[in-house]
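K.L.:
Sequence and computational prediction follow.
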Amino acid sequence: MLSDNIPYTLYGSSHSLYTGKARCYLRNQGIAYVEVASSHPDFAARILPQIGRGIIPVLETPDGQVIQDTVDIIDFFEAQGVPYPVYPGTPLQRVVAVIIEYYGSQAMLKHAMHYRWSYRAEQEAFLRHAFVSGSGEAMAEKIMGRMNSYLPRLGVNEQSAALIEQSFEQLLEVLEAHFAMVPYLLGGRPSIADYGLIGPMFAHLGRDPMPLGIMQRRAPRVHRWVERMTAPGLDVVEYADSRPEFWPDDALPPTLLPVLQHIARDIFPELTDKLAYMDQWVADVQPADGTPVTEKPALRQIGMVSTQFRGAVVDVGVEPYLLFLLQRAAEVVSALPPAQASALMATLDEFGLAGAVPLGRDYSVARAGNIEVWRRSS
């Protein structure tokens, strides 16, 4: 059962994308927690030796268990029972929710980081306050410089920058129309899709001055969704008839379809090319079952691939973590009877998202000891 008396400890920071995802979940579920900055001495002394790399968020349970990664944190609580379970119990909704989570957690890193660092001069005071508050004066400049250096590996360059901004504005447009009808992506309560999307839409795009201004001016309902996701419980006062349930009968809200089509345009062909690179890498290297996906835990990528974002050529890093996220959709499809699986994939194909379900591989990515490891089929 969830602890009622002794709070959980969340090590993170106010401006962290993934901390925002975990924090929203804890607040929505009414889980007692205290948040501690990663600059706290306990993080270096006790937490880092257990997770093996400098990364946030990290959850410490009242009995001393340490859990890193938002998926593992959320799944830890889901297994115990929460007021608003985030995984739909029906296959189409569950697969779509996982794909949207991937979009927010991985594909939208280019949007989040572009607006934060390409407009650093315009946001310097805000960013410096955030990083000093989270990491201390001595580390702030070093971390800010390192974060800024990630832009090219995320696919942010002179050719793609304007397209990234166009994508963000179009996303706001389709989400604005959706939230005019329902409070969350799949209906009356947040799903794993909402938690995946809230990461970039809160920590970067809903807080940093430049993108926040765009959101507030162009998409007030989206901004209210950001507020809703960061509030305790379900803040749905403007939806008088809303019930805390997903859309009935494994259907999708009609207003979600343009959102899915937008996602498909953004993630392909980049996702296809990343998966192909990973397939070739595994075929060449033949990693043993259970081995870490990279030589050092701090490294997340196994290489670079040349691809496109909305027609612009970009070179992006390939993180096996993306397979860890998306293979949960493949597991749902693989567990269905053949006819039902084919029908679900046909529906996804109508949205342009069938390629986001990584079926047919003899390897996968798991997490063990708070790092990603390869799993090989026997």
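P.N.:
Now that the structure is in, tell me what you want to look at.
K.L.:
Tell me how far the residue lying closest to P220 once chain neighbours are set aside lies from R224.
P.N.:
Among residues not flanking P220 along the chain, E176 sits closest, at 7.8 Å (CB to CB, 6 or more residues apart in numbering). No exception for glycine: its C-beta is placed from N, CA and C like everyone else's. Distance of E176 to R224, computed by CB to CB, to the nearest Å: 10 Å.
K.L.:
swap in P7?
P.N.:
28 Å.
K.L.:
swap in T294?
P.N.:
Taking CB to CB, one finds T294 at 40 Å from R224.
K.L.:
do the same with S364
P.N.:
For S364, the distance to R224 - CB to CB - is 38 Å.
K.L.:
got it, and F168?
P.N.:
F168 is 18 Å from R224, where distance means CB to CB.
K.L.:
Pairing partners for the helix or strand encompassing E35, with directions?
P.N.:
Element membership of E35, judged by DSSP states H and E, is strand 33-37. Partners of strand 33-37 in the sheet, by DSSP bridges, are strand 8-12 (parallel).
K.L.:
any idea of the mean pLDDT in the strand it pairs with?
P.N.:
When pLDDT is averaged over strand 8-12, the result is 96.
K.L.:
contacts for the very next helix or strand once past that strand?
P.N.:
Counting by DSSP H and E, the next helix or strand C-terminal to strand 8-12 is helix 17-29. With contact meaning CB atoms under 8 Å, 6 or more residues apart in numbering, helix 17-29 is reached by 8, 10, 12-13, 31, 33, 35, 56-57, 59, 69-70, 73-74, 77, 82-84, 86, 105, 109, 112, 190, 195-196, 198-200, 202-204, 229-234.
K.L.:
Which members of those are positioned in strands?
P.N.:
Residues of the contacts of helix 17-29 located in strands (DSSP state E): 8, 10, 12, 33, 35, 59.
K.L.:
Most widely separated two among the residues you listed?
P.N.:
Across these, the longest distance by CB to CB is 11.9 Å; it joins Y8 and G12.
K.L.:
Of these two, which one has the most company?
P.N.:
G12 (24 against 21; other CB atoms under 10 Å).
K.L.:
what sits against the more buried one?
P.N.:
With contact taken as CB under 8 Å, 6+ apart, G12 is in contact with 18-19, 22-23, 35-38, 56-58.
K.L.:
Same check on W225?
P.N.:
Counting by CB under 8 Å, 6+ apart, W225 has contacts 175, 179, 183-184, 201.
K.L.:
Need the three-state assignment for it.
P.N.:
Classification of W225 using DSSP: H, G, I helix; E, B strand; the rest coil returns helix.
K.L.:
Please apply the same query to V305.
P.N.:
Assigned by three-state DSSP, the conformation of V305 is strand.
K.L.:
Help me confirm that it comes into contact with L271.
P.N.:
No: assessed by CB atoms under 8 Å, V305 is found out of contact with L271, at 10.6 Å.
K.L.:
For these two, indicate the residue with more neighbours.
P.N.:
The neighbour comparison of V305 against L271 (other CB under 10 Å) goes to L271, with 23 against 20.
K.L.:
picking that back up, quick one: which of F168 and R224 has more around it?
P.N.:
Comparing F168 with R224 by other CB under 10 Å, the one with more neighbours is F168, at 24 against 16.
K.L.:
How about the backbone phi and psi for the more buried one?
P.N.:
Phi and psi for F168, reported as degrees, to the nearest 10, are phi -60, psi -40.
K.L.:
what separates stretch 320-337 from the chain centre, distance-wise?
P.N.:
Mean C-alpha position of stretch 320-337 versus that of the full chain (CA atoms, centre = their mean, to the nearest Å) differs by 15 Å.
K.L.:
for stretch 162-169, that is, sorry about that
P.N.:
For stretch 162-169, the distance to the chain centre is 19 Å (CA atoms, centre = their mean).
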